[in-house]
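Novice: Could you look at this predicted model? Sequence included:
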Amino acid sequence: MPLTKFEITSRGPYAGGRSFGAIGAYQQVDGKGHFAVDPLHAANAQICDLKLAPRNAAGMVEFTSDLSLVLPVDASGGNGRCIVELPNRGRRRVVAMMNCAPPDAPVGPQAHPGDGFLFARGYAVASIGWQWDVYPSPELLGLTPPSAMNGSNPIGGETMVEIRPNERGTTRLLADRTHRPLPAAAGGQFDARLFVRDWEDGDDTLIRRSRWRFARETPAGAVEPSAEHVWLEGGFEPGRIYQLVYETDRAPVAGLGLLAARDVAVFLRTSSSANPCGNAFRALILYGISQTGRMQRHFLSLGLNRCEDGSRAYDGFHVHIAGARRGAFNHRFAQPSNQTTPLWGHVFPFADVVTSDPLTGQTGGLLDRLSAAGDLPKIIFTDSAAEYWRGDAALAHIDTTGQHDLDEHPSTRRYLFASAQHTPGHLGQSRTNPGTGTIARYPLNVLDYLPLHRAALTNLDCWITEGIDPPPSRHPRHSDGTVVQREAVLATFLGLPDFKPPDPKRLPFVRTVDMGGEEATGVGRYPAQEGAFYPALVSAVDSDGNEIAGIRMPDIAVPVGTYAGWNPRDPVTGSPEQIVPMNGLTLWFAPDEATRAARGDPRRSLAERYRDEADYVSKVRAAAMRLVADRYLLEEDVDRVVEAAVTRYRAAISQ
């Protein structure tokens, strides 16, 4: 078994020993998994540079990964299912998401159990570190891989980092956000280049080499050499996009994170003295969100659901807010934290089923390797409007000409959470994105789609364990006229008072990518050369600007405002004609006709729509019950959804 040892570092009651219904109390077991994988095994052939990693005396490649388990104290009381989570940038998120924990609840060792949804049902949760560029901490889970070697020397070469500042500063880390960088190799770095562009698809300008160097500015204002930072004379300008191509002196085997995700499944399924889970699980579900949703898509595309012993790793995949992208998870010099740079995450195929791409001349589907193996898991994809507005999500179910709906793969379902932003919204949230520092121009989208999210998990579980098909996919389609170009939606917003929409020409797109011809080996040329544009399609909207396609929460079916999965950048962070990639917006309707007329707002006021709060509650509850009947919402969550909608109604009335 590739997970050779589970070194337990702590064990204790979960959530202070709280009891979760008939299941009882849970425990948390944290430690480190020790892995040894065969670099010559056919099941591992897709992992870049694995054959160049150091081997032990038995010829295996060793690495370690953080592993955290939340388990029923009485294993016999569990439901026999384990959700295996891929932590997002090291952060454990599945419990907070599925248990509807408060927005400001801590994660990690002090995670808030929320309403206990998962645990009252007897699920176990395993969180496996998979990302090498996470700094070690009690809150973050990561992986420690070896580096690729050329004999006794580490492999070095040219790599690239993208920098998207939101405030002016002279110094930036050679990584996305605050992750571990690939350091600049010692020496003159005479071939290093720093480019800048004004928007995603703008023209590159080469910045003079004399204006920047590998260094950082100290608090005292001095500039000192640093292999992990880049310093630019005059500072990096907010709202612009910089790409730095440079030589590094190491190549961590990033793809081992994919094998950690796969091989922890064998460990969890196998009863042994080393496995604290007790009884072997009868079903495993792999869960990912955003970055780790893209990682799941990468995992699926490589056919990695088959383990070295030939067994299946996962019975189901819940892939959330990944759109049609993959990511920087399995190439030389891969930095998994990378999000937007056009590299391996932006390449064909995008859809589950086999299609032909006239822009590249390629034919294929995301699930080809798994289909060839004849053992496909059940997969549910859930997206927000934000993944469509960044230019890619529609490519998962519409062909690359943008003209034709694709047939659905029999092993998948796909749902758009209509008009939602990337992460769940709530009243009172800051317009500043905590991860990137970007400030959105308008109040953020307050839709909380988590009740839909856990209904999707419940449907996936029933599909796996009981053979009950999930409800039909819901997303934009040509066949029902619910898919449009983004310009058509923006036209709906032009009449809103004091509203400045983004520039349609500066919205993000996915384009064909040329990385030098050796992409199949995991070796790229930087910066990648971008070519033809793929179509960027989104859901059509109604007269209020709310999306028609997808699963419409009662807030959308019975609205108190306009909700969107996009939001322009605030001028203080530069480039206000562009959108914040993950934030959406909320624009309340006027409370009454007089206010509406004074504003010049073309949307009907709340008073014109609803007689009073009781009338609103009645309509919202009816909309919620329709979702229950269609199995997109759990009946137990109806009161939660109605109460949240009423809170937003009151906020709109009292604006």
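Specialist: Noted; the coordinates are in hand. None of the values given here were measured: they were computed from a predicted structure.
Novice: Helices along the stretch 1-150 of the chain, start to end?
Specialist: Along the stretch 1-150 of the chain, the stretches classed as helices by DSSP state H, counting those that start in this stretch are 94-98, 117-120.
Novice: quick one: contacts for A590?
Specialist: Applying CB atoms under 8 Å, 6 or more residues apart in numbering to A590 gives the contacts 596, 599, 601, 603, 605-606. C-beta coordinates here come from the backbone N, C-alpha and C atoms, glycine included.
Novice: now S19
Specialist: Each residue near S19 by CB under 8 Å, 6+ apart is listed here: A25.
Novice: State the pLDDT value of the residue nearest the centre of the chain.
Specialist: Closest residue to the average C-alpha location of the chain: S290 at 0.5 Å, with CA atoms, centre = their mean. Each residue has a pLDDT score; the one for S290 is 97.
Novice: Quick check: beta-bridge partners of F20?
Specialist: Taking DSSP bridges, one obtains G24 as the residues bridged to F20.
Novice: I'd say it and Y14 touch.
Specialist: No - applying CB atoms under 8 Å as the test, F20 and Y14 come out as separate, 9.3 Å apart.
Novice: Which neighbours do those two have in common?
Specialist: 26, 113.
Novice: Quick check, pLDDT for the residue lying closest to the residue nearest to the centre of the chain once chain neighbours are set aside.
Specialist: Nearest residue to S290, sequence neighbours excluded (CB to CB, 6 or more residues apart in numbering): I321, at 5.0 Å. According to the prediction, I321 has pLDDT 98.
Novice: who's in contact with I321?
Specialist: Remark: with contacts taken as CB under 8 Å, 6+ apart, I321 is in contact with 289-290, 293, 382-384, 386-387, 422-423.
Novice: returning to what we had before: the contacts of A590, buried ones only, as a ChimeraX selection?
Specialist: To isolate the buried subset of the contacts of A590 in ChimeraX, counting by 16 or more other CB atoms under 10 Å, use the following:
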select :596,601,603,605,606
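Novice: Out of the contacts of A590, which is nearest to V347?
Specialist: R603 (40.9 Å; CB to CB).
Novice: Quick check: that closest one touching R596?
Specialist: Yes - between R603 and R596 there is a contact at 7.4 Å, judged by CB under 8 Å.
Novice: Low-confidence stretches in this structure?
Specialist: Along the chain, the parts satisfying pLDDT under 70 run over 107-109.
Novice: which ones are touching V196?
Specialist: By CB under 8 Å, 6+ apart, the residues touching V196 are 204-205, 207, 237, 240-243.
Novice: Whichever of those end up buried, select them in PyMOL.
Specialist: The buried residues among those can be selected in PyMOL (16+ other CB under 10 Å) with this line:
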select buried, resi 207+237+240+241+242+243
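Novice: among the contacts of V196, which are in strands?
Specialist: Secondary structure from DSSP state E places 205, 241-243 of the contacts of V196 in strands.
Novice: Turn the residues you listed into JSON lines, including distance to R211.
Specialist: Below are the ones in strands among the contacts of V196 laid out as JSON lines (distance: CB to CB, whole Å):
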{"residue": "T205", "distance to R211": "12"}
{"residue": "I241", "distance to R211": "17"}
{"residue": "Y242", "distance to R211": "12"}
{"residue": "Q243", "distance to R211": "15"}
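Novice: now, among these, which is nearest to D198?
Specialist: I241 (7.7 Å).
Novice: pretty sure the closest one contacts D203?
Specialist: No - the criterion here is CB under 8 Å, and I241 misses it with D203 at 11.3 Å.
Novice: Quick check: neighbours shared by the two?
Specialist: Common neighbours of I241 and D203 (CB under 8 Å, 6+ apart) are R197.
Novice: if we can go back for a sec, which of the contacts of I321 sits closest to A456?
Specialist: Nearest to A456 out of these is T382 (CB to CB; 5.4 Å).
Novice: Can you list the neighbours in contact with the helix or strand containing that closest one?
Specialist: Taking DSSP states H and E as the criterion, T382 maps to strand 378-384. Judged by CB under 8 Å, 6+ apart, the contacts made with strand 378-384 from elsewhere in the structure are 300, 315-323, 352, 393, 396, 411-417, 420-422, 449, 452-453, 456-457, 459-460, 463-464, 470, 475, 565, 584.
Novice: Reformat the helices of the stretch 1-150 of the chain as TSV; add distance to W588 and mean neighbour count.
Specialist: Written out in TSV, the entries for the helices of the stretch 1-150 of the chain read as follows (distance: least, CB to CB, whole Å; neighbours: other CB atoms under 10 Å):
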stretch	distance to W588	mean neighbour count
helix 94-98	26	25
helix 117-120	30	24
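Novice: Tell me which of these lies nearest to A75.
Specialist: The closest approach between A75 and any of those, judged by CB to CB, belongs to helix 117-120 at 13.4 Å.
Novice: I'd like to know which elements that closest one is packed against.
Specialist: helix 94-98 (3 or more CB pairs under 8 Å, 6 or more residues apart in numbering; DSSP states H and E).
Novice: Return the list of helices and strands in contact with the helix it packs on.
Specialist: Helix 94-98 makes packing contacts with strand 81-85, helix 117-120, strand 124-128, strand 283-289, helix 450-466 when contacts are defined by 3+ CB pairs under 8 Å, 6+ apart.
Novice: Can you lay out the ones you listed as TSV showing distance to T171?
Specialist: Formatted as TSV, the entries for the helices and strands packed on helix 94-98 read as follows, by distance: least, CB to CB, whole Å:
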stretch	distance to T171
strand 81-85	34
helix 117-120	42
strand 124-128	33
strand 283-289	31
helix 450-466	38
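Novice: what about these, which gets the closest to E577?
Specialist: Proximity of the helices and strands packed on helix 94-98 to E577 was assessed by CB to CB; the nearest stretch is strand 283-289, lying at 29.3 Å.
Novice: Run through who's touching the closest one.
Specialist: Applying CB under 8 Å, 6+ apart, the external contacts of strand 283-289 come out as 80-86, 88, 93-94, 97, 261, 265, 268-269, 294-296, 299, 313-322, 457, 460-461, 464-465.
Novice: Give the PyMOL command for selecting the buried subset of those residues.
Specialist: Those of the contacts of strand 283-289 that count as buried under 16+ other CB under 10 Å are selected in PyMOL with:
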select buried, resi 81+82+83+84+85+86+88+93+94+97+261+265+268+269+294+295+296+299+313+314+315+316+317+318+319+320+321+322+457+460+461+464+465
